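# Quick one, fold the following:
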Amino acid sequence: MNRSDGLVQRRRVVNSSSGNSLGQDGLSDQGGGFNEQNNGADNDTNSSKDFNSNPTVEDDSDKATRLTLMEEVLLLGLKDKEGYTSFWNDCISSGLRGCILAELGLKERIELEKTGMRKRGLLVRKVLVKNDSQTGDVLLDEALKHLKEYDSPEPVQSWIEYLSGETWNPLKLRYQLKNVRERLAKNLVEKGVLTTEKQNFLLFDMTTHPLTDNLAKTRLVKKIQEAVLCRWVNDASRMDKRTLALVMLAHAADVLENAFAPLSDDDYEIAMRRVRILLELDFEAEAAKTNANPVLWAVFAAFTK
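This next block holds a predicted model:
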């Protein structure tokens, strides 16, 4: 599940019909005004702010535009016009399951067992149900039910495998969350972000979900770009947890580069260098910091270590 590589070479994206990456129809170059020098000034003058919050997104009064981590990652991976993810992306399935666990962690439904006298690593500590009250999201509630009913606690990496069905143990297949992409796409259709169409692929017909709300996609891409450019703080503990999770899990699902495609070459290099900084952090040390969410760091570790 190692996703710490693949950050060196930029893939050129021309339009949304590209075979391996997402087109950015309607998005202008977001990177023109970003540079390292200005970022330093911003850090000095605004250290008390949450640099990675995006008021234009979070303060939107229209609740229909507020997306879960799973929906945001899927939206990044979907081709705007075609309405389906790249056939070559074999990481998005497990990446979406990681998003589900991260979302449950952010909603304080699950936690990691305490370290105790022996300091155990993030990938060894078991996932415990902290609060089994429903979240209002069908996928999250289904995953939470599996976690609650399982015989004995398991670590994060095992749960990503169980929820995605990528396990050699046939007895664990009943914990698989099925049709996750289609269910998330239908959620986005209900929120007015996508629409539903039928496309013919010679031998079969496939339901697709082209983009209808360009503003929602633009806001999402801008939030990610700003997180690693003009709002960068070089300290993960000061980053907004949801935005940090979005960046890390978009990389785990191999869709992060779709958000960076519209950037200028200089800003692209800065953005990817800062993503590498996040991937190379000591996750154990970050999880031990005050106000940290160990579940998030355990999910990150499952994809990068």
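# Just the helices from the stretch 201-305 of the chain, written as ranges.
With DSSP state H, counting those that start in this stretch as the definition, the stretch 201-305 of the chain shows helices at residue ranges 214-228, 241-252, 256-260, 265-279, 283-287, 294-304.
# Tell me which of those helices sits nearest to residue 162.
The stretch from the helices of the stretch 201-305 of the chain with the least distance to residue 162 (CB to CB) is helix 294-304; that distance is 12.3 Å. The C-beta positions use only the backbone N, C-alpha and C, and glycine is treated the same way.
# Which strands or helices does the closest one pack on?
Packed against helix 294-304, as judged by 3 or more CB pairs under 8 Å, 6 or more residues apart in numbering; DSSP states H and E, are the following elements: helix 92-106, strand 110-112, helix 156-164, helix 241-252, helix 283-287.
# Quick one: closest of the ones you listed to residue 295.
helix 92-106 (3.0 Å).
# Relative to the whole chain's centre, how far out is that closest one?
Helix 92-106 has its average C-alpha position 7 Å from the chain's average C-alpha position, going by CA atoms, centre = their mean, to the nearest Å.
# Averaged pLDDT, it. What do you get?
In this model, helix 92-106 has an average pLDDT of 97.
# That helix versus helix 294-304: what angle between them?
Following axes from the mean of the first three to the mean of the last three CA atoms, to 10 degrees, one obtains 160 degrees for the angle between helix 92-106 and helix 294-304.
# Let me know the secondary structure of residue 199.
Three-state assignment for residue 199 (DSSP: H, G, I helix; E, B strand; the rest coil): strand.
# in the sheet, who's paired with the closest residue in space to it that isn't next to it in sequence?
Spatial nearest neighbour of residue 199, chain neighbours left out: residue 208 (5.0 Å); criterion: CB to CB, 6 or more residues apart in numbering. Under DSSP bridges, the beta-bridge partners of residue 208 are residue 197.
# Report how many residues lie close to residue 208.
For residue 208, the neighbour count with other CB atoms under 10 Å is 19.
# I figured it hits residue 85, correct?
No: with contact defined as CB atoms under 8 Å, residue 208 does not count as touching residue 85 (10.2 Å).
# Low-confidence ranges, the stretch 101-250 of the chain, go.
117 (pLDDT under 70).
# Show me which parts of stretch 69-83 are buried, residue by residue.
Judged by neighbour count using 16 or more other CB atoms under 10 Å, the buried positions of stretch 69-83 are 69-80, 82-83.
# Endpoint to endpoint, it covers what distance?
Looking at stretch 69-83, the gap from its leading to its trailing residue is 19 Å under the measure CA to CA, to the nearest Å.
# Can you get me the centre-to-centre distance for it and its chain?
The chain centroid and the centroid of stretch 69-83 are separated by 11 Å, computed with CA atoms, centre = their mean.
# Ok, stretch 157-168 next?
18 Å.
# So for that stretch, what gets flagged as buried?
Taking 16+ other CB under 10 Å as the basis for neighbour counts, the residues of stretch 157-168 that come out buried are 157, 158, 159, 160, 161, 162, 163, 164, 165, 167.
# before we move on, the earlier item: and residue 130, which of the helices of the stretch 201-305 of the chain is closest to it?
Proximity to residue 130 (CB to CB) singles out helix 294-304 among those, at 9.4 Å.
# tell me the mean pLDDT for the closest one?
Mean pLDDT, helix 294-304: 96.
# tell me the angle of that helix relative to helix 156-164?
Relative orientation of helix 294-304 versus helix 156-164 (the same axes, to 10 degrees): 80 degrees.
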